[in-house]
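Asks: Sequence and computational prediction follow.
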Amino acid sequence: MATNQDDQFKKVISHAKEYGYVFQSSEIYDGLSAVYDYAQNGAELKKNIRDYWWRAMVQMHDNIVGIDAAIFMHPTTWKASGHVDAFNDPLIDNKDSKKRYRADVLIEDYCAKIEAKIEKEVKKAEKRFGDAFNKDEFISTNPRVVGYYEKIENILTRMGKSLEKEDLTDVKALIEELEIADPLTGSRNWTDVKQFNLMFGTKLGASAETAMDLYLRPETAQGIFVNFLNVQKTGRMKIPFGIAQTGKAFRNEIVARQFIFRMREFEQMEMQFFIKPGTQKEWFNHWKETRMKWHLSLGMGEDNYRFHDHEKLAHYADAATDIEFKFPFGFKELEGIHSRTDFDLKQHEEFSGKKLQYFDHEENASYTPYVLETSIGLDRMFLAVFSNALMEEELENNTTRTVLKLPAVLAPVKAAIFPLVKKDGLPEVAKQIVEDLKWDFNVFYDEKDAVGKRYRRQDANGTPFCITVDHDTLEDKTVTIRHRDTMEQKRVKIEDLKRIIKAEVDVKHWLQKM
Ligand code: ATP
């Protein structure tokens, strides 16, 4: 990671702690690796993101319903889904540093470095050719760049094939041939590559003899598949229809070092869309487009997103893409969209012995539906929103301010209300405004320190509006409302506050942009 990216990421993590967004779990015991707690503001932001997703997916679609399945599931579920046999990551240890890595990630990072070289060449050429520069042509003809691309392609193809064949010896050989070193110490003294299952096991039952081995679910999707027929029948759902769910998932990640990007306990927001076999291409494109629109509706910058279509597909998929976001450490997967065919339902049919088919009245025939999945990590979305919002702004008077420009619809606190001074009846009026607004919005009262300081605190906290009650308020029932992003201040009537705030924080205002 380049140093300024590194610094920016460190700022994100410390700001998240300082302003009550994210704490390390069990911090007083020195924390637990890759486990985090959401604090007073973080819990609100997370709830608002979840709600923004739920409204877009469930409330706005008359053919999508939501469920809340249990974290524990019958253990055969994970046999059927393939997780017991195949939910593995290839791990490798460095014998000198004793650090553990994912072998595939070491190789992918190596390729990312080559990509960075390509970018450098492009920038250089851009400078040299000025307006006459044609990027596409340059990339496809410049011998050095073409060579770089070929190298990446060869490496990734070989890795993909070896992983597919479970040829872990070749994965290690590749690491050695590329002379990949431990990123922390530079040592090339590697162990062999081994497979490591990512599911957490636990036991159900009181006595050791009768206890049943269970897993904590590694994804929420299977809770939807096993309930497919129950929901379809009781909800009288007609294909195409979707089942959505949000909830915790658990993965014993080999390397989890990027704050809430990769956690061992995290939350997913998933939707499985059941369709007629043969229509999967068109639905894949539909959901790709719809999900990207959802992201863009939050106004976090079109350039910060890109699709990454998978060439190497999971055994259950016939098409897959990731929506990648530009995190402080570069473009990384934020959401996956997968065309899962009829793999899961067929597997559950086979393992349970129960029919999981849909009777299509129009066709007068039964079939196993195909499935399109959209799957986004809530914590990753939180990190995307939070890291993108945090900025240092130079102000006209040569000072700077730290501001968290969260999309107003997601901000934990919508408005902070201040009395200008702590006397003359101003606190009473301010508190009355809090009483009136709290039915509609999460609001906050603050009377400590000078108003300028209170503004700065709310800027750093991401609060879109500050409302100040002063002596004129007592005369004419108006207040000053200050906007976080523009810092513009306006005099408005108390009775108009609700309308003004609602116009900017209302879900409808944001989702309509989709
Ligand atoms: P990655 O390649 O980053 O490990 P994945 O492809 O295994 O992710 P999926 O199984 O497709 O991820 O899960 C869907 C979504 O769940 C991901 O896009 C991501 O947002 C989220 N997710 C997966 N693993 C984690 C994790 N360990 N911590 C936080 N979020 C996660």
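Replies: Arrived safely.
Asks: Helices of the stretch 101-250 of the chain, residue ranges please.
Replies: Taking DSSP state H, counting those that start in this stretch to define them, one finds helices in the stretch 101-250 of the chain at 103-129, 135-141, 143-164, 168-177, 221-225, 228-234.
Asks: can you pull the pLDDT of the residue in the chain that the ligand sits nearest to?
Replies: Scanning the chain for proximity to the ligand using C-beta to the nearest ligand atom identifies G377 as nearest, at 2.5 Å. C-beta coordinates here come from the backbone N, C-alpha and C atoms, glycine included. On pLDDT, G377 comes in at 98.
Asks: Count the neighbours of it for me.
Replies: By other C-beta atoms under 10 Å, the residues close to G377 number 23.
Asks: Show the model's pLDDT score for the residue nearest to F138 when sequence neighbours are not counted.
Replies: Nearest non-adjacent residue to F138, counting by C-beta to C-beta, 6 or more residues apart in numbering: A125, 5.4 Å away. pLDDT recorded at A125 is 93.
Asks: again with M1
Replies: On pLDDT, M1 comes in at 51.
Asks: Repeat that for the one 3 residues further on.
Replies: According to the predicted model, the pLDDT of N4 comes to 77.
Asks: What residues sit buried inside whichever strand or helix holds it?
Replies: According to DSSP states H and E, N4 maps onto helix 3-18. By 16 or more other C-beta atoms under 10 Å, the buried positions in helix 3-18 come out as 8-9, 11-13, 15-16.
Asks: other SSEs contacting it?
Replies: Counting by 3 or more C-beta pairs under 8 Å, 6 or more residues apart in numbering; DSSP states H and E, the packing neighbours recorded for helix 3-18 are strand 22-24, helix 378-389, strand 390-394.
Asks: now those in JSON lines, with mean neighbour count?
Replies: Shown next, in JSON lines, are these (neighbours: other C-beta atoms under 10 Å):
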{"stretch": "strand 22-24", "mean neighbour count": "20"}
{"stretch": "helix 378-389", "mean neighbour count": "23"}
{"stretch": "strand 390-394", "mean neighbour count": "13"}
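Asks: can you redo those as a markdown table with distance to M199?
Replies: Conversion of these to a markdown table gives the following (distance: least, C-beta to C-beta, whole Å):
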| stretch | distance to M199 |
| --- | --- |
| strand 22-24 | 24 |
| helix 378-389 | 19 |
| strand 390-394 | 34 |
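Asks: Nearest to N4, out of those?
Replies: Closest to N4 of those, according to C-beta to C-beta: strand 390-394, at 12.3 Å.
Asks: Would you mind pulling the contact partners of that closest one?
Replies: The contact list for strand 390-394, computed with C-beta atoms under 8 Å, 6 or more residues apart in numbering, reads 11-12, 15, 400-405.
Asks: what do you get for stretch 46-60?
Replies: For stretch 46-60, contacts defined as C-beta under 8 Å, 6+ apart pick out 38, 64-66, 242, 244, 246, 267, 269, 271, 294, 298, 374, 376, 378-379, 381-382, 385, 409-412, 507, 510-511, 514.
Asks: Among the residues you listed, which ones are in helices?
Replies: Judged by DSSP state H, helices contain the following of the contacts of stretch 46-60: 294, 378-379, 381-382, 385, 507, 510-511.
Asks: Identify the farthest-apart pair in those.
Replies: Using C-beta to C-beta, the ones in helices among the contacts of stretch 46-60 reach their maximum pairwise distance at D379 and L511, which is 22.0 Å.
Asks: Tell me the confidence at the nearest residue to F331 once chain neighbours are set aside?
Replies: Spatial nearest neighbour of F331, excluding adjacent residues (C-beta to C-beta, 6+ apart): E324 at 4.5 Å. At E324, the model reports a pLDDT of 98.
Asks: is it fair to say E324 lies in a strand?
Replies: Yes. Counting by DSSP: H, G, I helix; E, B strand; the rest coil, E324 is part of a strand.
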